[in-house]
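J.: Need coordinates for the following:
(one chain, ligands or ions: 2)
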Amino acid sequence: MAEGLKRKAFIAVSLCLLVSLGGCGAAETAVFWEKTSKGEEQNMNNFIFENATKVYFGKGCVKEYLACLTKNYGDTVMLAYGGGSVKKDGVYDEIKEVLTGAGKTVIDFPDIMANPTYAKVLAGAQLAREHHADLILGVGGGSVMDCCKAISIAARYDGDVWEDFWVRSGVFDFEPLPLGVIVTAAGTGSECNGGAVITNEELKVKTGRDYPVCNPKFALMDPVYTYSVPKFQMVSGGFDILSHIMETYFSEPNEDNVSDDIAEALMRNVIRSLRAAILNPEDYTARSNLMWDATMAENRIIKLGKRMDFECHQMEHQLGAYTDCNHGAGLAVLHPVYYRHIYKDGLKKFKKFALHIWDISPEGKSDEEIAREGVEALAGFIKEIGLPTTLRQLGADESLDLKAIADSCAIAGGSYRKMTHKEILEIFKECF
Ligand code: NZQ
Ligand code: ZN
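T.: Residues are numbered from 1 along each chain as shown. Ligands and ions are numbered 1, 2, ... in the order given. Alright, predicted model coming up:
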């Protein structure tokens, strides 16, 4: 891949957190963020909050609300979904019946793969244009929802979508095609943000952008739909939720702030609910908690006033671009090793994490020992729930070019210590 292109893609990744606050103009917002978050001694940085998605949550919500919600759009609905789980568990039939009953013409767009590709986005946009779709209805997990957001841009934009919206921050002088989502797997929280993580296979770059204008118009969330998610995907999605919270929590400010307090409550809930859902996959309370934890982690609320890290996500995304690994599983391998590298730089916060999340006893221990025990408790939890702990367990072998992957990772810069590509390579090697 040409160096210039690669560099532009990295810049895109590093900018995506700033853009996530965009809406009245991403550039102005980025300046606003920069002005108010540069190491000033304050507990909450200034913020702008916006979330345009209307959520319908609970048992039976699809049958109850879908027909009414689609009334506001035209006659043609593009029904987008993944590799077939929705057909096996009856969700597809249920949705199709509601849509046809409401007089809609339904255009199917199936087979959205995990880690959706840019080629798939373009294919979806072409189908939406051919049939003059009025609404995209994405049914699935993060991959389906992300792909649909990108399609909603590509269906209404004539230029180079990758270059103009993923490599650089996009300019919206048009309305993306409206999108509604029906969530079938808890994890990414994509249902309540404008984030879309897309893999450009040709360039070997997996990168995300968060455009508030791409927030789904509505999200239907029935926890019962997640009962059929296989155990591995359930725990990987659960770990993704935990990762989103930790990546936000382990960043400035560190002192008393409401975002961190909510984050702690969410982390404890994810851990408890994941354990309960492993014991009984049809535990409605656990499944509904996980589903809402996922949304809360990524609907911008716990990010308010926070600088945010997301370096582990940058590393996992590039690992995914090279290996197509499962997102949550990749994060599970990386997190403990990454935290062993940085915990001394954020000692107070890692100590708080050990005490408040893992109930580590502080007696007779130094701050460093307590903090380290918290990181090891996290590593133990990853093992307990059955996620991989090494790159080898993730399916990698010696042929994997760790240096190329490390060099292609964006440096997020919001952490307690800024990574270098050299240190990222060390982390990858330790993960092996
Ligand atoms: O494709 P089908 O057959 O539907 O099977 C899927 C897929 O194999 C299956 N599944 C989903 N719901 C199911 C089910 N199987 C049985 N019953 C159900 N009810 O689960 C598998 C994985 O689905 P996928 O959507 O890929 O998982 P996930 O939700 O973890 O999404 C991962 C993607 O989201 C991106 C990731 O990078 C990755 O590409 N992310 C998106 C974010 C965002 N938009 O905010 C943030 C995240 O950090 C993340 O990067
Ligand atoms: Zn994630």
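
J.: Which pLDDT value goes with F49?
T.: F49 carries a pLDDT value of 87.

J.: mind listing what T390 touches?
T.: V333, C431, F432 (CB atoms under 8 Å, 6 or more residues apart in numbering). Just so you know, the C-beta spots here come from the backbone N, C-alpha and C atoms, and that holds for glycine as well.

J.: Tell me the one among the residues you listed nearest to ligand 1.
T.: V333 (14.5 Å; CB to the nearest ligand atom).

J.: Is it correct that the closest one is in contact with G395?
T.: No: here V333 lies out of contact with G395, judged by CB atoms under 8 Å, at a distance of 10.7 Å.

J.: Same drill for the two, tell me which one is more crowded.
T.: Using other CB atoms under 10 Å as the criterion, V333 and G395 rank with V333 on top: 27 against 13.

J.: Show me where the stretch 251-400 of the chain has its helices.
T.: 258-279, 284-298, 311-323, 327-342, 347-358, 367-384 (DSSP state H, counting those that start in this stretch).

J.: nearest to T188, of these?
T.: Of all the helices of the stretch 251-400 of the chain, helix 284-298 sits nearest to T188, with 6.6 Å by CB to CB.

J.: and the angle from the closest one to helix 258-279?
T.: Orientation check (axes from the mean of the first three to the mean of the last three CA atoms, to 10 degrees): helix 284-298 against helix 258-279 gives 150 degrees.

J.: buried sites along helix 284-298?
T.: 286-298 (16 or more other CB atoms under 10 Å).

J.: okay, and for the stretch 151-300 of the chain, where does confidence drop off?
T.: For the stretch 151-300 of the chain, no stretch is flagged by pLDDT under 70.

J.: Near ligand 1, which residues of it? Just list them.
T.: Contacts of the stretch 151-300 of the chain with ligand 1, taken as CB under 6 Å from any ligand atom, map to 184-185, 187-190, 193, 195-197, 208, 225-226, 228-229, 233, 237, 240, 298.

J.: let's go with 8 Å and repeat that
T.: Listed as neighbours of ligand 1 in the stretch 151-300 of the chain under the rule CB under 8 Å from any ligand atom: 184-190, 193, 195-199, 206, 208, 210, 225-230, 233, 236-237, 240, 243-244, 298.

J.: Of those, keep whichever come out buried.
T.: Here, 16+ other CB under 10 Å leaves 184-190, 193, 195-199, 206, 208, 210, 225-229, 233, 236-237, 240, 243-244, 298 buried among those.

J.: For ligand 1, what's its nearest residue on the stretch 301-432 of the chain.
T.: For the stretch 301-432 of the chain, CB to the nearest ligand atom, closest residue to ligand 1: H327, 3.9 Å.

J.: Pull the contacting residues for that residue.
T.: H327 neighbours (CB under 8 Å, 6+ apart): A114, N115, G142, G187, T188, S236, D240, E316, G320.

J.: Now the second one, what are its backbone angles?
T.: Dihedral angles of N115 (phi, psi; degrees, to the nearest 10) stand at phi 60, psi 70.

J.: Would you agree it is in contact with V144?
T.: No: using CB under 8 Å, N115 is not in contact with V144, being 11.6 Å away.

J.: Of those two, give the one with the bigger neighbour count.
T.: Set side by side, N115 and V144 show more neighbours around V144, with 27 against 22, by other CB under 10 Å.

J.: for the more buried one, helix, strand, or coil?
T.: The three-state label given to V144 by DSSP: H, G, I helix; E, B strand; the rest coil is helix.

J.: Test my guess that it contacts G138.
T.: Yes: contact criterion CB under 8 Å: V144 and G138 qualify, at 4.8 Å.

J.: what sits in contact with each of those two?
T.: With CB under 8 Å, 6+ apart, V144 and G138 have common neighbours A80, Y81, V181.

J.: ok, the most centrally placed residue in the chain - contacts?
T.: In the chain, the centroid-proximal residue (CA atoms, centre = their mean) is T188; its distance is 3.7 Å. Counting by CB under 8 Å, 6+ apart, T188 makes contact with G141, G142, M145, D146, G195, G237, D240, A294, E298, H327.

J.: Can you tell me the SS state at it?
T.: coil.

J.: Show me where the stretch 1-150 of the chain has its strands.
T.: 54-57, 76-81, 105-109, 135-140 (DSSP state E, counting those that start in this stretch).

J.: which outside residues touch the second one?
T.: Pointing back at strand 76-81 there. By CB under 8 Å, 6+ apart, strand 76-81 touches 70, 92, 95-96, 99, 104-110, 112, 124, 127-128, 131-140, 144, 147-148, 151.

J.: Can you name the residues of the stretch 1-150 of the chain sitting close to ligand 1?
T.: So the stretch 1-150 of the chain meets ligand 1 at 81-86, 88-89, 91, 111-116, 140-146, 149 (CB under 8 Å from any ligand atom).

J.: For ChimeraX, write the select line for the buried members of these.
T.: One line in ChimeraX is enough to select the buried ones among those; burial here means 16+ other CB under 10 Å:
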select :81,82,85,86,89,91,112,114,115,116,140,141,142,143,144,145,146,149
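
J.: still on that earlier bit, mind putting the buried residues of helix 284-298 into JSON lines with distance to F310?
T.: Formatted as JSON lines, the buried residues of helix 284-298 follow (distance: CB to CB, whole Å):
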{"residue": "A286", "distance to F310": "27"}
{"residue": "R287", "distance to F310": "27"}
{"residue": "S288", "distance to F310": "27"}
{"residue": "N289", "distance to F310": "24"}
{"residue": "L290", "distance to F310": "21"}
{"residue": "M291", "distance to F310": "22"}
{"residue": "W292", "distance to F310": "22"}
{"residue": "D293", "distance to F310": "18"}
{"residue": "A294", "distance to F310": "16"}
{"residue": "T295", "distance to F310": "18"}
{"residue": "M296", "distance to F310": "17"}
{"residue": "A297", "distance to F310": "12"}
{"residue": "E298", "distance to F310": "11"}
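
J.: ok, of those, which one's closest to ligand 1?
T.: E298 (5.1 Å).

J.: which ones are touching the closest one?
T.: T188, G189, S190, C192, N193, G195, H244 are the contacts of E298 under CB under 8 Å, 6+ apart.

J.: Excluding sequence neighbours, find me the nearest residue to it.
T.: G189 (2.6 Å; CB to CB, 6 or more residues apart in numbering).

J.: Surely the one you found and I245 touch.
T.: No: taking contacts as CB under 8 Å, G189 lies outside contact range of I245: 10.1 Å.

J.: what's the overlap in contacts for the two?
T.: A297.
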